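Peer 1: task: produce atomic coordinates for the following.
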Amino acid sequence: MKKNFKIKISKAVKSPLSAVTIVVLALLILNSCKRNVGTPVDLKHEYFPTEVGKWVVYDVIDIRHDINHDTFNYQIKEIITADFLDNEGRLAQRVERFQRDSSHLTWAIKDVWTSIRTTRTAEKVEEDERFLKMSFPVNYFKSWDGNVYNQQINWEYFFDSIDYQSTVGTFTFDSLVRVNQRSNFNFVEYEKAHETYAKHVGLVEKNLIDLDVRSGFSFDIMPVLDSIIKGTELYQVAIDYGNN
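Peer 2: I've put the predicted structure just below:
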């Protein structure tokens, strides 16, 4: 009985069906390994460039509401002037900002900001407040708190338009991404903000409206001037850009 049992096992191992099964299993394992490698994800870092020498000039309309409603028109130039390591050891950029009241005047240094782009985030320190401008990879399936690194209230950012062609100011860009930063409307507040970025250029448009109002609305209708108690409006659009 023992001898017959051994013969049956030997024949089973040598049967054509077993050989085919082994080959199929081996191919499945190899294909599974290949799928795990995958195609690298396009993070779309180009929307937030960090190269030293890059610059953008903006026309700015700055409206300040209080007892009076004052409007200021001026130009801002931002230029990345140097790389450095921040206090966390991350590669960061020094962003020098210049201002002038018209194109006929010379630039005067206004302030210095910093920017940081990691694999997963794009951050900017503006007037000593850090904002989380982007979360990579750029896609429609995420949102994040743009104020997570400062003391302001939570503003939920998200990408509402990606890789689209449009005109901003006098320029037509092939690839733009728009970050919706705030949409909050009620009877006492009107808050609306977004930023638009172009590939290999960076920020090309910024709209920021932050108002205290009376008898406001719960939907997106800009309050009339008489109903604005105080607040700010900032409209910034790129008029020139380049690389030194």
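Peer 1: what separation do you get for residue 46 and residue 209?
Peer 2: Distance of residue 46 to residue 209, computed by C-beta to C-beta, to the nearest Å: 28 Å. From N, CA and C alone the C-beta is placed, and that goes for glycine too.
Peer 1: quick one, helices of this structure?
Peer 2: For the chain, the helices defined by DSSP state H cover 2-13, 16-37.
Peer 1: any stretches of this protein with poor pLDDT?
Peer 2: The chain contains residues with pLDDT under 70 at 1-38.
Peer 1: domain assignment for it?
Peer 2: Using automatic domain parsing, the domain ranges for the chain come out as 2-37, 45-243.
Peer 1: which of the ones you listed is buried the deepest?
Peer 2: Scoring these by mean neighbour count under mean count of other C-beta atoms under 10 Å gives domain 45-243 as the most buried, with a mean of 15.
Peer 1: can you give me the end-to-end span of that domain?
Peer 2: End-to-end distance for domain 45-243, by C-alpha to C-alpha, to the nearest Å: 18 Å.
Peer 1: same question for stretch 197-204.
Peer 2: With C-alpha to C-alpha, one end of stretch 197-204 sits 5 Å from the other.
Peer 1: show residues contacting that stretch.
Peer 2: Identification of contacts with stretch 197-204 by C-beta atoms under 8 Å, 6 or more residues apart in numbering yields 44, 46-49, 54, 56, 78, 134, 168-169, 171, 173-179, 195-196, 237-238, 241.
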